[in-house]
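[1] the following comprises the amino acid sequence and a computationally predicted model.
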Amino acid sequence: MTRLRANALLLIAALIWGTTFVAQQVVLDNIGPFLYTGLRFLLGALIVLPMAVREYVRLKDRAVVLDRRDATYWCALGSLLFCGIILQQIGIGATTVTNAGFLTALYVPLVPLLAWIIHRQMPHLSTWPAVAACLGGTWLLAGGELSEFSEGDLWVIASTVFWGLHVLYVGRIAARKGTPILVAFSQFVVCGVLALTWGLLTEPLSQAALIAALPAILYGGVLSVGVGFTLQVVAQRHTGAADAAILLSSETLFAGIAGALVLGERLSFMQLSGCALIFTSILAVQLLPLWLERKAAAH
């Protein structure tokens with residue numbers, strides 16, 4: 001696969017993930033956040049299952065043994081994913097798609113801060129101005145008054161802690177024995193089972209509501225979880241880290257565009273400035289270290 005084609009696949013993945021914010025909001029007119037999340041992730045797990053089986057067979061051929069510790073790690077990741085997506089899903093019901101998209105992206109500069117707090121890994125110098133700029137962007141997104149943040153905005157911001165922890169550990173756990181697909185499949189199942197169980201116990205469900213929610217469930221499960229994840233895994237093997245960082249970060253922009261086109265959302269100039277500042281910070285915290293490493297290697 002050429003680098004150009006790989007980059008195109010990453011852009012499609014970002015487009016799918018960004019537009020899924022719309023599905024996540026409109027589905028709440030029919031079913032609750034837990035039921036939607038459970039159905040969505042279990043459906044996504046079914047899409048990924050054939051790849052997971054193939055990877056498991058390859059592991060057996062290489063005599064790689066999976067033990068109880070692996071299962072524990074995978075369940076822990078699924079629990080982090082569950083917390084992150086549920087907080088985000090609840091928040092989306094009480095805020096705009098645009099706000100949800102850009103506020104979710106705050107997890108990006110949060111990851112190096114969590115690594116510093118938990119593992120004493122000193123973050124790159126670019127992290128500090130990126131965090132400050134993200135805080136400034138968040139303030140602008142609130143219209144210059146943090147008191148103007150809705151309850152939904154606060155739920156989404158809370159979800160970024162769990163997204164950050166998930167990103168911090170998912171790569172480490174997948175790399176232990178070379179099991180990226182099995183890790184993804186397992187966490188999808190754990191997240192789906194936890195959400196669906198809670199939803200069946202606490203949220204109303206009818207056949208009519210389920211049928212009405214089906215398009216959003218299919219979009220969120222088949223496209224966002226199944227296809228989006230597959231595209232990312234395949235494409236990132238054939239392109240550079242900088243390309244992937246830029247293209248996947250465009251998810252936030254697609255969320256804003258989808259909110260405007262589908263739901264008619266509009267932002268003030270100050271809020272648009274906040275979105276731009278957050279997006280610039282996200283790119284900087286990912287790309288600046290890569291650029292400096294290449295510059296140092298060139299010398």
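    Arrived safely, thanks for sending. Numbers count the residues shown, from 1 in each chain.

[2] wait, doesn't Tyr56 sit right on Leu182?
    Yes. Using CB atoms under 8 Å, Tyr56 makes contact with Leu182 at a distance of 6.2 Å. Using the backbone N, CA and C atoms, a C-beta is placed for each residue, glycine as well.

[3] where does the stretch 101-250 of the chain have low pLDDT?
    144-148, 237, 240-246 (pLDDT under 70).

[4] now the helices for it?
    Counting by DSSP state H, counting those that start in this stretch, the segments of the stretch 101-250 of the chain that form helices are 107-119, 127-141, 151-176, 180-202, 207-218, 228-235, 241-249.

[5] next helix or strand past the last one?
    To tie it back to what came earlier, the one meant is helix 241-249. Under the assignment DSSP states H and E, the closest C-terminal helix or strand after helix 241-249 is helix 251-263.

[6] look up the closest residue to the residue most central in space within the chain, ignoring the ones flanking it.
    Centroid-nearest residue in the chain: Trp163, 7.0 Å away (criterion: CA atoms, centre = their mean). Spatial nearest neighbour of Trp163, excluding adjacent residues (CB to CB, 6 or more residues apart in numbering): Tyr107 at 3.8 Å.

[7] ok so, going back, out of the helices of the stretch 101-250 of the chain, flag the one nearest Gln271.
    Taking CB to CB, helix 127-141 is the member of the helices of the stretch 101-250 of the chain nearest to Gln271, at 5.3 Å.

[8] name the helices or strands packed onto that closest one?
    Applying 3 or more CB pairs under 8 Å, 6 or more residues apart in numbering; DSSP states H and E, we find helix 127-141 packed against helix 97-104, helix 107-119, helix 269-298.

[9] redo those helices as a markdown table? Include distance to Leu77 and mean neighbour count.
    What follows is those, written out as a markdown table (distance: least, CB to CB, whole Å; neighbours: other CB atoms under 10 Å):
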| stretch | distance to Leu77 | mean neighbour count |
| --- | --- | --- |
| helix 97-104 | 18 | 28 |
| helix 107-119 | 15 | 18 |
| helix 269-298 | 21 | 16 |
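
[10] CSV please, covering those helices and showing distance to Asp70.
    Shown next, in CSV, are the helices and strands packed on helix 127-141 (distance: least, CB to CB, whole Å):
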stretch, distance to Asp70
helix 97-104, 29
helix 107-119, 21
helix 269-298, 29
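
[11] quick check: end-to-end length of stretch 222-230?
    Distance between the two ends of stretch 222-230: 11 Å, counting by CA to CA, to the nearest Å.

[12] quick one: contacts of that stretch?
    For stretch 222-230, contacts defined as CB atoms under 8 Å, 6 or more residues apart in numbering pick out 13, 16-17, 20, 23, 40-41, 43-48, 51, 184, 188.

[13] so which of the helices and strands packed on helix 127-141 is nearest Ser150?
    With CB to CB as the yardstick, what comes closest out of these is helix 97-104 (7.8 Å).

[14] export the closest one to CSV, keeping only CA atoms.
    Extracted C-alpha coordinates of helix 97-104, given in CSV (Å, rounded to 0.1, in the frame of the first residue of the first chain):
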residue,chain,number,x,y,z
VAL,A,97,-21.7,18.0,18.6
THR,A,98,-19.1,20.7,18.0
ASN,A,99,-18.4,21.2,21.6
ALA,A,100,-18.2,17.5,22.3
GLY,A,101,-15.8,16.9,19.4
PHE,A,102,-13.3,19.6,20.4
LEU,A,103,-13.6,19.0,24.2
THR,A,104,-13.0,15.3,23.7
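
[15] please compute how far that helix lies from its chain's middle.
    12 Å (CA atoms, centre = their mean, to the nearest Å).

[16] quick one: that helix to helix 269-298, angle?
    40 degrees (axes from the mean of the first three to the mean of the last three CA atoms, to 10 degrees).
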